[in-house]
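Undergrad: Predicted model and sequence below, questions to follow.
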Amino acid sequence: MGFARDEMSKSVAALISEFGQSMILRRLSLPSYDTATGVSTNATVDVSVKGVIIGFKKEDINGDTILAGDRKAYVQLGGENTPRAGDKLVGVDTDVLIVAVHKILRTNTDSIVCICQARS
């Protein structure tokens, strides 16, 4: 890991450590089809994570890829279930859709920190 990336990883981990709240990373799995009943059902996979959601800087909002109202989500988790577009982050006052994952960083504590773009 390069010096700048290592420093970013430490900074984001510190931000989550100080201000993070418990959240659920919710992934909708592919539908399963029951041939006996003819019914298709969706299942969700929930993973406990810790995260912080903040607004983008005004100069980052370009109206094309980053829209007004989009927020930046810093998500820390211990396993290999990294967030991906289409997942939801659900917390106490939070229910956002992840529209993009910008960076995936590994910390020295074997956890993964992801920087995501989230939309309400």
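TA: Received the coordinates, thanks.

Undergrad: how near is the residue of the chain positioned farthest from its centre to D60?
TA: No residue in the chain sits farther from the centre than A36, which is 36.6 Å out by C-alpha atoms, centre = their mean. Plainly put, A36 is 51 Å away from D60 if you go by C-beta to C-beta, to the nearest Å. No exception for glycine: its C-beta is placed from N, CA and C like everyone else's.

Undergrad: cool, V45 as well?
TA: For V45, the distance to D60 - C-beta to C-beta - is 31 Å.

Undergrad: repeat for V101
TA: 16 Å.

Undergrad: One more: L97?
TA: 18 Å.

Undergrad: which helices and strands sit right next to the helix or strand of the chain with the lowest mean pLDDT?
TA: Lowest mean confidence among the helices and strands of the chain (mean pLDDT, DSSP states H and E): helix 3-19, at a mean of 78. Of the remaining helices and strands, those touching helix 3-19 by 3 or more C-beta pairs under 8 Å, 6 or more residues apart in numbering; DSSP states H and E are strand 44-55, strand 71-77, strand 95-106, strand 112-119.

Undergrad: let's see it at 6 Å
TA: strand 44-55, strand 71-77 (3 or more C-beta pairs under 6 Å, 6 or more residues apart in numbering; DSSP states H and E).

Undergrad: circling back to that earlier point, which of V101 and D60 has more neighbours?
TA: V101 (17 against 12; other C-beta atoms under 10 Å).

Undergrad: re earlier: which of the helices and strands packed on helix 3-19 sits closest to D93?
TA: strand 44-55 (9.4 Å; C-beta to C-beta).

Undergrad: Name the residues that touch the closest one?
TA: 15-16, 19-20, 23-29, 71-77, 81 (C-beta atoms under 6 Å, 6 or more residues apart in numbering).

Undergrad: What's the PyMOL line that selects buried ones from the residues you listed?
TA: With 16 or more other C-beta atoms under 10 Å as the burial test, the buried ones among these are selected in PyMOL as follows:
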select buried, resi 15+16+20+23+24+25+26+27+71+72+73+74+75+76+77
